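Student: coordinates for the following, if possible.
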Amino acid sequence: MNKYLIAIAATGLTVTAVHADGLPERIKSAGKVIVANQPNYPPMEYKDPATNELQGLDIELGNALAKHLGTSAEWFEIGFEQMPSAVTTGRVDLIHSGMSDLPKRRDALDFVDYMKSGAQFYTSFARKDEFKALTDFCGKTIGMSRQTSFPDETTKWSETNCVAKGLPPIKIVGTEGSADARMQLKQGRVDGAAQGSETLPYLLGLEKDTYAIVGEPITAVYQGLGFAKKDTELRDAYAKALKAIMDSGEYKAIFAKYGLEGAMLDGVYINGDAVN
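Tutor: Residues are numbered from 1 along each chain as shown. Alright, predicted model coming up:
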């Protein structure tokens, strides 16, 4: 049996039950979990421009998980690069902000994975005919958030698919975030951009005839809720809650609302390993 199975399979869960017993005492006493988030990644997390209210798939999923656990989520806005230290030092209880579950991050964090994603290249709609295949980006400039895994992943892809085939490498421009990459693309400062595949359908619907997706995602990764390595009690409570809302259909309903059924997982995973 997988070491992360813990009590997930042994504990009967129903959607109507509220399970506060699995939570650390500090969470029970506070009556809330403090969740690190950076709301600049629609449709995962963003602020309604009219009301400034937090919205998105991550927000709805995070609130549903907290409710199932008999508590509430307090969303704490923080820079993406500051999130790991914030959770390991106890400033926040967990990270829920479109963070990829990468092996290099597991030295400090454990992840309860909840969806799949991938780095996706795209260009401006006006230049879509120049980029029919991913290799058309060889020798070109692509903007992407320097705070993500995309620069490393794109470098590896370029070495295999451009350099190894005698083509010039992709020139990577690290940006302050995905919004900055899109702005540089609009301004013609880069030839293309890269961001998570789960965000692009929403983006294309929001800004019609502005961007064009090129090819398939170059990576396949899980995104997860991040917990301090020592905080196994909270991690396991969230794993059980995720299983419960998967079984109830609430998980699927949230993903369907955002048209992201293809990003759903078939079960609960911790650090990339299936636990059921």
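Student: name the surrounding residues that touch stretch 138-146.
Tutor: Taking contacts as CB atoms under 8 Å, 6 or more residues apart in numbering, the residues outside stretch 138-146 that touch it are 80, 119, 121, 150-151, 154, 158, 161-162, 167-178, 180-181, 184-185, 189-195. C-beta: built from backbone N, CA, C; applies to glycine.
Student: what do you get if the cut-off is 6 Å, keeping everything else the same?
Tutor: 150, 162, 167-168, 170-171, 173-175, 177-178, 181, 184, 190-194 (CB atoms under 6 Å, 6 or more residues apart in numbering).
Student: swap in stretch 173-191?
Tutor: With CB under 6 Å, 6+ apart as the test, stretch 173-191 has contacts from Asn40, Ser124, Lys140, Thr141, Gly143, Met144, Ser145, Arg146, Pro151, Ala193, Gln195.
Student: let's see which of these end up in helices.
Tutor: Applying DSSP state H to the contacts of stretch 173-191, the entries found in helices are Pro151.
Student: returning to that earlier point: narrow the contacts of stretch 138-146 to those that are buried.
Tutor: When the contacts of stretch 138-146 are checked for burial by 16 or more other CB atoms under 10 Å, the buried set is 150, 162, 170, 173, 175, 177-178, 181, 184, 190-194.
Student: now distance to Tyr211 too, for these, in JSON lines please.
Tutor: Shown next, in JSON lines, are the buried ones among the contacts of stretch 138-146 (distance: CB to CB, whole Å):
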{"residue": "Phe150", "distance to Tyr211": "16"}
{"residue": "Cys162", "distance to Tyr211": "22"}
{"residue": "Ile170", "distance to Tyr211": "18"}
{"residue": "Val173", "distance to Tyr211": "17"}
{"residue": "Thr175", "distance to Tyr211": "15"}
{"residue": "Gly177", "distance to Tyr211": "16"}
{"residue": "Ser178", "distance to Tyr211": "12"}
{"residue": "Ala181", "distance to Tyr211": "11"}
{"residue": "Gln184", "distance to Tyr211": "13"}
{"residue": "Val190", "distance to Tyr211": "12"}
{"residue": "Asp191", "distance to Tyr211": "13"}
{"residue": "Gly192", "distance to Tyr211": "10"}
{"residue": "Ala193", "distance to Tyr211": "8"}
{"residue": "Ala194", "distance to Tyr211": "12"}
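Student: nearest to Tyr46, of those residues?
Tutor: Checking those against Tyr46 by CB to CB gives Ser178 as the nearest, at 11.0 Å.
Student: against Ala274, how distant is that closest one?
Tutor: According to CB to CB, to the nearest Å, Ser178 and Ala274 sit 30 Å apart.
Student: so who does the residue nearest the centre of the chain touch?
Tutor: A centroid search over the chain (CA atoms, centre = their mean) returns Gly98, at 2.1 Å, as the residue closest to the centre. By CB under 6 Å, 6+ apart, Gly98 lies in contact with Tyr41, Met44, Gln223.
Student: so which of those belong to strands?
Tutor: Tyr41, Gln223 (DSSP state E).
Student: circling back to that earlier point, how about the contacts of stretch 173-191, which pair is most distant?
Tutor: Maximum distance among the contacts of stretch 173-191 (CB to CB): 25.2 Å, for Asn40 and Lys140.
Student: and Pro39, how many residues sit next to it?
Tutor: Other residues within reach of Pro39, judged by other CB atoms under 10 Å, total 20.
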